[in-house]
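Colleague: Provided below are the primary sequence and the corresponding predicted coordinates.
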Amino acid sequence: MLTFLIFLAVGALAGVLAGLFGIGGGMVIVPVLVLTFTAQGISEAVLTHMAVATSLATIVFTSISSVREHHRNGAVDWSLVAMLSIGIVVGTAIGVSLITSVPGPVLQNIIGVFALLLAVKMFFGIEPGSDGKRPGTTGLVTAGGVIGFGSSWFGIGGGTFTVPYLTWMKVPMRQAVATSAACGLPIAITGAVSNVFAGWSAEGLPAWTTGFLYWPAIAGIVLTSVPFAKVGARLAHRLDQAKLKKGFALLLFVVGLKFLLF
């Protein structure tokens, strides 16, 4: 029961972060799931892969709610979503197929490095410069492949990559966040399905799993992340975004150090 309450709390936090910053809560979900699975005594060989896969599966449900809202407001650029999604599906599937062969502790180190880099980017507000020209079909499909590949390794919906990429193309922030949310759906679906097959015959998996997907965690996180995303969206209009991002960056820094040093 306590474990399920933790999953509910993680979902609430992930939802608030999604509403506040326009990014999913994967970088919070994955570390907490790793700690929770460790406390449950789940095999070190599979627990990190389970955390990444489970995080991706939760995004399937939260993304649908988010995309419906953004589409209703006319903020999604579906032409961009279509081109990016071609690469996203391929990149995500390739990423999952490769991550399966990476030992759990090594994967944790990779996630730790990514968390530190993301912390630095958010704290200092680092954004690439651009002339605002939209890449052609090849460029967009390639970018989608990179976004999908990276997202599959870190259990995220891609907003960490997609929003900066779209703003680099001078897409207005509101439209960038909405379009990124729509791109999160193919990432999540492809990642979840791929992880079912990737973990189908893995040894050391606990009960209530399908491949690497752990259903008690998925249920708990989804139950709270969707309603709390609306809370985060309301808070975004009242609180100082710059200070909040710096605070979140410090949290990511701690997460990164935890994975790398302990």
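Modeller: Nice, thanks for sending it over. Numbers count the residues shown, from 1 in each chain.

Colleague: C-alpha coordinates for stretch 95-103, CSV please?
Modeller: Only the C-alpha atoms of stretch 95-103 are listed here, as CSV (Å, rounded to 0.1, in the frame of the first residue of the first chain):
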residue,chain,number,x,y,z
GLY,A,95,16.8,3.2,-28.9
VAL,A,96,14.8,0.6,-27.0
SER,A,97,16.4,-2.2,-29.0
LEU,A,98,19.9,-0.9,-28.0
ILE,A,99,19.1,0.0,-24.4
THR,A,100,18.1,-3.6,-23.6
SER,A,101,21.8,-4.7,-23.9
VAL,A,102,23.0,-2.0,-21.5
PRO,A,103,23.6,-3.1,-17.9
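
Colleague: Can you give me the buried ones in it?
Modeller: Across stretch 95-103, burial judged by 16 or more other CB atoms under 10 Å covers 95-96, 99-100. (Glycine included, C-beta is placed from N, CA and C.)

Colleague: Residues contacting it, please?
Modeller: 45, 49, 52, 107, 110, 148-153, 190-191, 194-195, 198-199 (CB atoms under 8 Å, 6 or more residues apart in numbering).

Colleague: Stretch 105-122 now?
Modeller: Contact with stretch 105-122 is made by 27, 30-31, 34, 44, 48-49, 52, 99, 102, 126, 153-154, 160, 245-246, 248-250, 252-253, 255-260, as judged by CB under 8 Å, 6+ apart.

Colleague: Of those, grab the buried ones for ChimeraX.
Modeller: The command below creates a ChimeraX selection of those among the contacts of stretch 105-122 that count as buried (16+ other CB under 10 Å):
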select :27,30,31,34,48,49,52,99,153,154,160,245,246,248,249,252,253,255,256,259
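
Colleague: where's the most centrally placed residue in the chain, which helix or strand?
Modeller: Central residue of the chain (CA atoms, centre = their mean): residue 156, 1.4 Å from the mean position. Taking DSSP states H and E as the definition, one finds residue 156 inside no helix or strand.

Colleague: same check, this time on the one 10 residues further on
Modeller: Using DSSP H and E, the secondary-structure element containing residue 166 is helix 159-168.

Colleague: For residue 191, give its distance to residue 145.
Modeller: 14 Å (CB to CB, to the nearest Å).

Colleague: can you give me the helices in the chain?
Modeller: 2-21, 26-39, 44-72, 78-99, 104-124, 137-154, 159-168, 173-198, 215-236, 241-261 (DSSP state H).

Colleague: For the ones you listed, give me a markdown table that also has distance to residue 209 and mean pLDDT.
Modeller: Converted to a markdown table, those look like this (distance: least, CB to CB, whole Å; pLDDT from 0 to 100):
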| stretch | distance to residue 209 | mean pLDDT |
| --- | --- | --- |
| helix 2-21 | 14 | 84 |
| helix 26-39 | 11 | 90 |
| helix 44-72 | 7 | 89 |
| helix 78-99 | 16 | 96 |
| helix 104-124 | 15 | 91 |
| helix 137-154 | 18 | 95 |
| helix 159-168 | 26 | 87 |
| helix 173-198 | 10 | 91 |
| helix 215-236 | 7 | 85 |
| helix 241-261 | 23 | 83 |
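
Colleague: export these to CSV and tack on distance to residue 206?
Modeller: CSV is the format used below for the helices of the chain (distance: least, CB to CB, whole Å):
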stretch, distance to residue 206
helix 2-21, 11
helix 26-39, 8
helix 44-72, 8
helix 78-99, 20
helix 104-124, 14
helix 137-154, 22
helix 159-168, 29
helix 173-198, 15
helix 215-236, 9
helix 241-261, 22
